[in-house]
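Student: Next one to model:
(chains A, B, C and D)
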Protein chains: 2
Amino acid sequence: MFIKAKQSRVFQDVVEQIQNAIISGKLEPGSKLPAERELKDMFNTSRGTLREALRVLEQKGLIEIKLGVSGGAIIKRIDAGIMIESLALLIRSGEVSLEHLAEFRIKTEGSIVELATQRATKKDIKELEKLFNRAKAYYEKNDWENFLLTDEKMHTYIGTITRNPVFQFVQKTIHDNIHLYYSEYLPMDRERTFENLTDFKKIIEAMKAGDERAAAEIIMDHVKRFNDKMLEKTRKKAKE
Amino acid sequence: MFIKAKQSRVFQDVVEQIQNAIISGKLEPGSKLPAERELKDMFNTSRGTLREALRVLEQKGLIEIKLGVSGGAIIKRIDAGIMIESLALLIRSGEVSLEHLAEFRIKTEGSIVELATQRATKKDIKELEKLFNRAKAYYEKNDWENFLLTDEKMHTYIGTITRNPVFQFVQKTIHDNIHLYYSEYLPMDRERTFENLTDFKKIIEAMKAGDERAAAEIIMDHVKRFNDKMLEKTRKKAKE
DNA sequence: GCCATATAATGGTTTAACCATTTATTCAGT
DNA sequence: ACTGAATAAATGGTTAAACCATTATATGGC
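Tutor: You can find the predicted model right below:
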């Protein structure tokens, strides 16, 4: 019925005022807040309290703070940063296991690829093919780090094709974490990586043909296999 | 290749130390950090800097701060709080529209119900039926507020049945926001609410029968219709 | 035993000063 | 003129000490 009454924390009030200004578009991404010593006067508070408010806004991903002369708090465009960090926390604390994540990926990426197939333009397909060729080149050069990065970009680009920011955020959140987590576990594995590339080739073909079910099935199977291999490796690693 | 070098912010170091202690399980949920005046000595910093660190940890959802004697920073169990807030931000800023959210819901809740059907125990079904009956009672009493709350609980409980925390977090994040957003738009609508109840009855029946595809189809259709009605209403509202 | 009151621990806020980083300016050397 | 090193100044980061506000607990009168 009722919600907890507003706490009498000055910095919370400052946070809300600035946050509302950002959300409502009165403060645009890229623009800069006044200096701390000016802001503190505008809000009629102390610098310490104002800084606590800035800390919260920074953590929320709404501002970015730069040092030095002509530094200050810059309004950021909202991105997946906080969500990525949240998922990282859940994984690192053991709350979410790799199996949990894989199960979610299978379902979600299936949906994403399905939607992407329905909505892909010729330009999208071309972009995917460009990324694919780049990944292949890295593979042939045995450049593991860049291969992984490009692989991640292919996944997130498929998210982009859905034209739905929710899927885009989810896809970025998952793959940033996978990259974070797996790059320490995975040594370069030519066989597995080649399989990976082959899967992608097939997905692009299915998308070209407009066969959304086929595309979805391939990626779901891809994630399943990827995860099985991963579990095998991490278990081996744990034994050592 | 390289990542940005560590910034020389004292409070960041404090945040990391405490966060690591929490993640690694050295600090358990429910336990309390020492008082600010003690902590500042332990970290050999000033109270202001320490408080900035606490502000960040609080915003991350890792601690909760209580006032008064025997107050202080209490370690929180990680929940969906930050994600809920993030999605709220995206919606309020217009980055994510209701159509975007509905599209995501259709796919995701379809998957969730599918999984839940595979994994539901008899106890789960019983719990769902209990919630259903409670919702029905509120419906008959025209208690809109409590009906909505119970409806939300049914959705999140289905998330629980998946036994996968990722789906649980996602489901909670979505429905908390729907509740937040729609309760201001929706007047009690007996016809629509009855339809809602009927859908749920059907879902429970399908789950009982172990028919995962049927259950998934019902909820996907349910979300679709719910969203269509909602769009109609919000557009009407916008015209006024 | 119960209720009002006082006490003290704890977070919240303020002030004023100084430190560290970074950009812009100045100026010497060529 | 140009270059590059020294300098200045704006801005965030940190410290210290004091005081205010809230609340659990202890005290004491009945």
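Student: Going by C-alpha atoms from here, please, whenever you check contacts or count neighbours.
Tutor: Noted.
Student: so which helix or strand takes in residue A:151?
Tutor: Using DSSP states H and E, residue A:151 sits within helix A:144-161.
Student: Could you pull out the buried residues of that helix?
Tutor: For helix A:144-161, a neighbour-count test (16 or more other CA atoms under 10 Å in any protein chain shown) marks A:144, A:146-148, A:150-161 as buried.
Student: ok, now stretch A:134-141?
Tutor: Applying 16+ other CA under 10 Å to stretch A:134-141 flags A:134-136, A:138-139 as buried.
Student: how far out from the middle of the chain is that stretch?
Tutor: Computed by CA atoms, centre = their mean, to the nearest Å, the chain-centroid distance of stretch A:134-141 equals 23 Å.
Student: Please report phi then psi for residue A:45.
Tutor: phi -140, psi -180 (degrees, to the nearest 10).
Student: do you know how far the nearest residue to it once chain neighbours are set aside is from residue A:40?
Tutor: Leaving aside its chain neighbours, residue A:45 sits nearest to residue A:10 (8.0 Å; criterion: CA to CA, 6 or more residues apart in numbering or on different chains). Counting by CA to CA, to the nearest Å, the gap between residue A:10 and residue A:40 amounts to 11 Å.
Student: Of these two, which one has the most company?
Tutor: Using other CA atoms under 10 Å in any protein chain shown, the more surrounded residue of residue A:10 and residue A:40 is residue A:40, with 18 against 15.
Student: what about the helices in chain A?
Tutor: Here chain A has its helices, by DSSP state H, at A:10-23, A:36-42, A:47-59, A:81-92, A:98-119, A:122-140, A:144-161, A:165-182, A:190-209, A:212-239.
Student: May I see those helices arranged in TSV, with distance to residue B:70 and mean pLDDT as well?
Tutor: Below are these laid out as TSV (distance: least, CA to CA, whole Å; pLDDT from 0 to 100):
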stretch	distance to residue B:70	mean pLDDT
helix A:10-23	22	97
helix A:36-42	31	97
helix A:47-59	23	98
helix A:81-92	28	95
helix A:98-119	38	96
helix A:122-140	57	96
helix A:144-161	48	93
helix A:165-182	38	92
helix A:190-209	56	92
helix A:212-239	42	85
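Student: Just send those helices back as a markdown table, with distance to residue B:49 too.
Tutor: A markdown table is the format used below for the helices of chain A (distance: least, CA to CA, whole Å):
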| stretch | distance to residue B:49 |
| --- | --- |
| helix A:10-23 | 15 |
| helix A:36-42 | 16 |
| helix A:47-59 | 9 |
| helix A:81-92 | 22 |
| helix A:98-119 | 36 |
| helix A:122-140 | 45 |
| helix A:144-161 | 37 |
| helix A:165-182 | 29 |
| helix A:190-209 | 47 |
| helix A:212-239 | 39 |
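Student: Out of those helices, which gets nearest to DNA strand D?
Tutor: Nearest to DNA strand D among these is helix A:36-42; the distance by CA to the nearest atom of the strand comes to 4.0 Å.
Student: wait, does the closest one contact DNA strand D?
Tutor: Yes: against DNA strand D, helix A:36-42 shows contacts by CA under 7 Å from any atom of the strand at A:36-37.
Student: Next, the angle helix A:165-182 makes with the helix holding residue A:151.
Tutor: Per axes from the mean of the first three to the mean of the last three CA atoms, to 10 degrees, the angle that helix A:144-161 makes with helix A:165-182 is 170 degrees.
Student: follow-up on the earlier one: and of the buried residues of stretch A:134-141, the nearest to chain B?
Tutor: Nearest to chain B, judged by CA to the nearest CA, of these is residue A:138 at 14.6 Å.
Student: wait, what's in contact with the closest one?
Tutor: Neighbour list for residue A:138: A:144, A:146-147 [criterion: CA atoms under 8 Å, 6 or more residues apart in numbering or on different chains].
Student: cutoff 7 Å now
Tutor: Contact partners of residue A:138, counting by CA atoms under 7 Å, 6 or more residues apart in numbering or on different chains, are A:146-147.
Student: so how far is residue B:220 from residue A:89?
Tutor: 31 Å.
Student: Of the two, which one has the most company?
Tutor: For residue A:89 and residue B:220, the more surrounded residue by other CA under 10 Å is residue B:220, and the numbers stand at 22 against 19.
Student: Now do the phi/psi pair for residue A:211.
Tutor: With angles defined as degrees, to the nearest 10, residue A:211 sits at phi -90, psi 90.
Student: Point out the residues in chain A that sit beside chain B.
Tutor: Contact residues, chain A versus chain B (CA under 7 Å from any CA of the partner chain): A:23-24, A:48, A:52, A:55-56, A:59, A:83, A:92-93, A:96, A:100-101, A:104, A:107-108, A:111, A:164-167.
Student: if you set the cut-off to 8 Å instead, what comes out?
Tutor: By CA under 8 Å from any CA of the partner chain, the part of chain A that sits against chain B consists of A:1, A:23-25, A:48, A:51-52, A:55-56, A:59-60, A:78, A:82-83, A:86, A:89-90, A:92-93, A:95-96, A:100-101, A:104, A:107-108, A:111, A:145, A:164-167.
Student: okay, now the domains of chain A?
Tutor: Domain ranges of chain A: A:10-75, A:81-239, per automatic domain parsing.
Student: Pretty sure residue A:223 sits against residue A:104.
Tutor: No: assessed by CA atoms under 8 Å, residue A:223 is found out of contact with residue A:104, at 10.1 Å.
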